[in-house]
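J.: need a 3D model of the sequence below.
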Amino acid sequence: MFDLVPERFFSVLTSKNKYIYLEALMVIHKYYRQELLMRKADLISMFVHHLEDRMMNLTEDEGDEPIGDKNLSGRAHFLLRKFIATGWLEKEYYINSFEEYLVVPDYAADLLGLLDSATDESPCEYNSLVYSTYSCLNTADAERDDFMLEALLQSHGATEKLKESLKRLYNNMRRYYQRLQDKEEIREIMKEHFDNYQVLILDRVYHPLKTFDSIPRYKTRILRILRSWLTDLRVIEQLAGLMFRKGYRVRLDDARTDVIRMLGEIIDTYENMETLLREIDKKNASYTRASVERTRYLLNADRGARGKLVEVLKRLPGLSGRLPGETMEFLQNGINLYRQSFLDGYSLFRERQKKSAGEGQPLSATPSAQRQQMEREFFSFEQRLRGSLTHQRIIDFIGDYLRERQTVGSREFKLEETGDFVKLILAVLKNSEEDVPYRVEFLDGYVYVNGYRIPDMIFTTVKGEVS
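T.: The predicted structure follows:
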C-alpha cells in the first residue's frame, strides 16, 4: 500500500488542522461525485462557500508553505496546495487549453469513499439489498441468457453487503452496551439511550429491519432459485463459461469453483439469517435491560446530598399528613415545594385487602371410580392432542392435493375448518425442512379461501409424487 500512496498522504489526518482538512476532503469528494472534470476555480469557490468560518482557524504545520494572503481566497488556495503536495489531488491541463483541472487519483478516491461512509449516519437499506438480490436472480432464472453471470455477481455482492451490515449493527449495539458501563450520571445514561441509541440504532436501523418483511418474504424464493442452479450442471457450466470468456478467470476450472463458491455463500447467508437476527434481538434486549439496571443502580447507590434529597422527596408525600404545620409551611414558603394531585387511569383503583390465612381444611379424597374416569379422559385428550397435528398428518394434508399433480395454488385449498387452516400454516413453516417432499413459492398479494386470508402461493412437488 505504501508503494502506491505518497509519503505525506496521511499527514493531513494527523495534523492539528485535521478537522478542517477532513471537511475540505468531503467537499472534494462531493465535487468529484458530481462532475467529471474538476475545475480549479470552482473548487476554490466551494472551499470558500463550505468552509468560510472554519478556514479562519487554519494554521501552518511544520514544513508547510506560508498561507500567504490571510483572506478566504488565500486560505482556500493554501488548502488546494496542501492537498496537491500530499497526493490527494493532481493537476492537469485540459486538451488544447491552459485551463487547470484537478484529478483525484484512484487510491485517493477509494479513501475518500471510505471516509465518507464512516461519517455517513444514514441508515442501511437492508430491505432494498434483499429485494435487489431476488429481482436479479428471478429475472436471470426466467431468461437464462448471457446476463446470468452479472446477476450472480450482483446478488453475491448485495448479499455480502447485507451480511456485513447486519454484523455492523450487532457490533454497534455491543459498542453502546460497553459505553453504558462508563456512565456515572443518570442524565448521561438518559442522553446516551434516547439521543444516541434510540435515534441512531433503534429508529434508523433496528425498527425498519424488524417491521419490513423483505427477508422472510423473499428468502424462500431466493433459496429456491439458487438451489436449482447449484444442482443443475448445465447452469454451472454456463456460468463458468461466461466467467471464463469475460476474463474474470484465466482457467475454466477456477471459474467453475468460483461459481459454486458464490452460490454456496449466498445460500449459507440466507439459511443462517434467522440465527443472526435472533442474536441482534438478544443484544438489543440486553442493552435495554442493562440501561434500566444501570439507572436503578445509580439511583440506589447515590448516598451524597443529592441522593439523600431524592429519598426525602420520595417519602415526603406519605408523611405530609403527619408533619407539623410549621414544617409544611416551611416547605411551601421556604423552598416553594407543594403537593400536587392528578387524575389518571389508575385513580379509581381500589387496592385489594389482604386476608389473613385461616385454618386449613383437609380435602376429601377423590373416589376411586371418579379418579379412574378422570385419568381415562385425560389420557384420551392427550392422545387426541398428540395425533392431531403430527408431521405425517401435515405431509398427508398437502399430499392429498399433490397426489396426481405437480403443483397446487392457494385458491385450490378447501380449508373447510380451522384445523385445515392450521395445517396449512404448519405446512408453510415446514417448507425449509429437508425431508419435506414439496416446496412453497410465495407470489404477490393475498387471497381469501372460505373466509380465511392466506398468501398467494404455489406448492410444488420436489421428490416425485407426494405420498
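J.: can you give me the helices for the stretch 351-467 of the chain?
T.: In order along the chain, the stretch 351-467 of the chain carries the following helices (DSSP state H, counting those that start in this stretch): 368-388, 391-402, 418-429.
J.: in JSON lines, list these along with distance to Pro437, mean pLDDT and mean neighbour count.
T.: All C-beta atoms are positioned from the backbone trio N, CA, C, and that covers glycine. Below are the helices of the stretch 351-467 of the chain laid out as JSON lines (distance: least, C-beta to C-beta, whole Å; pLDDT from 0 to 100; neighbours: other C-beta atoms under 10 Å):
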{"stretch": "helix 368-388", "distance to Pro437": "21", "mean pLDDT": "75", "mean neighbour count": "10"}
{"stretch": "helix 391-402", "distance to Pro437": "7", "mean pLDDT": "87", "mean neighbour count": "16"}
{"stretch": "helix 418-429", "distance to Pro437": "11", "mean pLDDT": "86", "mean neighbour count": "16"}
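J.: switch the ones you listed over to CSV; also include distance to Glu35.
T.: CSV is the format used below for the helices of the stretch 351-467 of the chain (distance: least, C-beta to C-beta, whole Å):
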stretch, distance to Glu35
helix 368-388, 69
helix 391-402, 59
helix 418-429, 52
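J.: and those: which comes nearest Met56?
T.: helix 418-429 (64.8 Å; C-beta to C-beta).
J.: now do the helices in the stretch 101-250 of the chain.
T.: Going by DSSP H, counting those that start in this stretch, the stretch 101-250 of the chain shows helices at 106-119, 126-143, 148-180, 186-190, 207-211, 214-230, 233-245.
J.: ok, which of the helices of the stretch 351-467 of the chain comes nearest Val48?
T.: helix 418-429 (61.8 Å).
J.: from the contact counts, what lies against that closest one?
T.: helix 391-402, strand 438-449, strand 452-461 (3 or more C-beta pairs under 8 Å, 6 or more residues apart in numbering; DSSP states H and E).
J.: now do 7 Å
T.: helix 391-402 (3 or more C-beta pairs under 7 Å, 6 or more residues apart in numbering; DSSP states H and E).
J.: centre of the chain versus the helix it packs on, how much separation?
T.: Helix 391-402 has its C-alpha centroid displaced from the chain centroid by 37 Å (C-alpha atoms, centre = their mean, to the nearest Å).
J.: if we can go back for a sec, export the helices of the stretch 101-250 of the chain as TSV, with columns for mean neighbour count.
T.: TSV is the format used below for the helices of the stretch 101-250 of the chain (neighbours: other C-beta atoms under 10 Å):
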stretch	mean neighbour count
helix 106-119	14
helix 126-143	18
helix 148-180	17
helix 186-190	14
helix 207-211	14
helix 214-230	18
helix 233-245	17
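J.: among those, which comes closest to Leu263?
T.: Nearest to Leu263, of the helices of the stretch 101-250 of the chain and by C-beta to C-beta, is helix 214-230 at 4.8 Å.
J.: what is the closest one packed up against?
T.: Looks like helix 214-230 contacts helix 126-143, helix 252-271, strand 438-449 (3+ C-beta pairs under 7 Å, 6+ apart).
J.: list the buried residues in the second one.
T.: Under the neighbour-count criterion of 16 or more other C-beta atoms under 10 Å, helix 252-271 has 255-256, 258-259, 262-263, 266-267, 269-270 buried.
J.: residues contacting Arg294?
T.: Residues counted as contacts of Arg294 (C-beta atoms under 7 Å, 6 or more residues apart in numbering) are 180, 183, 189.
J.: contacts for stretch 227-238, please.
T.: 148, 256, 259-260, 263, 267.
J.: cutoff 8 Å now
T.: Under the criterion C-beta atoms under 8 Å, 6 or more residues apart in numbering, residues 141, 144, 148, 239, 256, 259-260, 263-264, 267 lie in contact with stretch 227-238.
J.: go on, stretch 400-412?
T.: Against stretch 400-412 from outside (C-beta under 8 Å, 6+ apart): 398, 413, 438, 447, 449, 454-461, 465-467.
J.: cool, and stretch 376-395?
T.: 419, 422-423, 426-427, 430, 436-437, 466.
J.: for stretch 161-172, same thing?
T.: Contacts of stretch 161-172 (C-beta under 8 Å, 6+ apart): 124, 126, 129-130, 133, 201, 205-206, 209, 269, 276-277, 279-280, 283.
J.: tell me the one among these nearest to Ile222.
T.: Nearest to Ile222 among the contacts of stretch 161-172, with distances taken as C-beta to C-beta, is Thr133, at 6.0 Å.
J.: does that closest one really touch Ile222, like I thought?
T.: Yes. Shown here, Thr133 and Ile222 form a contact pair, counting by C-beta atoms under 8 Å, at 6.0 Å.
J.: okay, now Lys430: neighbour count?
T.: Counted by other C-beta atoms under 10 Å, the residues lying close to Lys430 total 16.
J.: could you do Thr390 as well?
T.: 11.
J.: picking up where we left off before, between the contacts of Arg294, which is closest to Leu51?
T.: Of the contacts of Arg294, the one sitting nearest to Leu51 (C-beta to C-beta) turns out to be Lys183, at 34.4 Å.
J.: what does the pLDDT read for Ile335?
T.: For Ile335, the model assigns a pLDDT of 62.
J.: please renumber the chain so that the first residue is 181 from this point on.
T.: Okay, using 181 as the starting number, the last item reads as Ile515.
J.: run through the bridge partners of Val283.
T.: Using DSSP bridges, the bridge partners assigned to Val283 are Glu270.
J.: what pLDDT does it get?
T.: For Val283, pLDDT reads 89.
J.: Leu317 too?
T.: Confidence score, pLDDT, at Leu317: 92.
J.: go on, the one 10 residues further on?
T.: The pLDDT attached to Phe327 in the predicted structure is 88.
J.: ditto for Ala537
T.: 62.
J.: same thing with Thr449?
T.: pLDDT recorded at Thr449 is 92.
J.: my read: it touches Thr339, true?
T.: Yes. Counting by C-beta under 8 Å, Thr449 does reach Thr339; the two are 5.1 Å apart.
J.: and the least confident of the contacts of stretch 407-418?
T.: Arg324 (85).
J.: what's the local residue count around that one?
T.: The burial count for Arg324: 11, using other C-beta under 10 Å.
J.: any idea how far it lies from Phe622?
T.: 22 Å (C-beta to C-beta, to the nearest Å).
J.: and Thr455, by the same measure?
T.: Distance from Thr455 to Phe622, by C-beta to C-beta: 22 Å.
J.: so how far is stretch 343-354 from its chain's centroid?
T.: 7 Å.
J.: now swap in stretch 229-249 and tell me
T.: That offset, for stretch 229-249, works out to 41 Å (C-alpha atoms, centre = their mean).
J.: now what about it, what contacts it?
T.: 191, 195-197, 199-200, 203-204, 207, 227-228, 252, 254-259, 261-262, 265.
J.: now those residues: which count as buried?
T.: 191, 195, 197, 200, 203-204, 207, 227-228, 252, 255-259, 262, 265.
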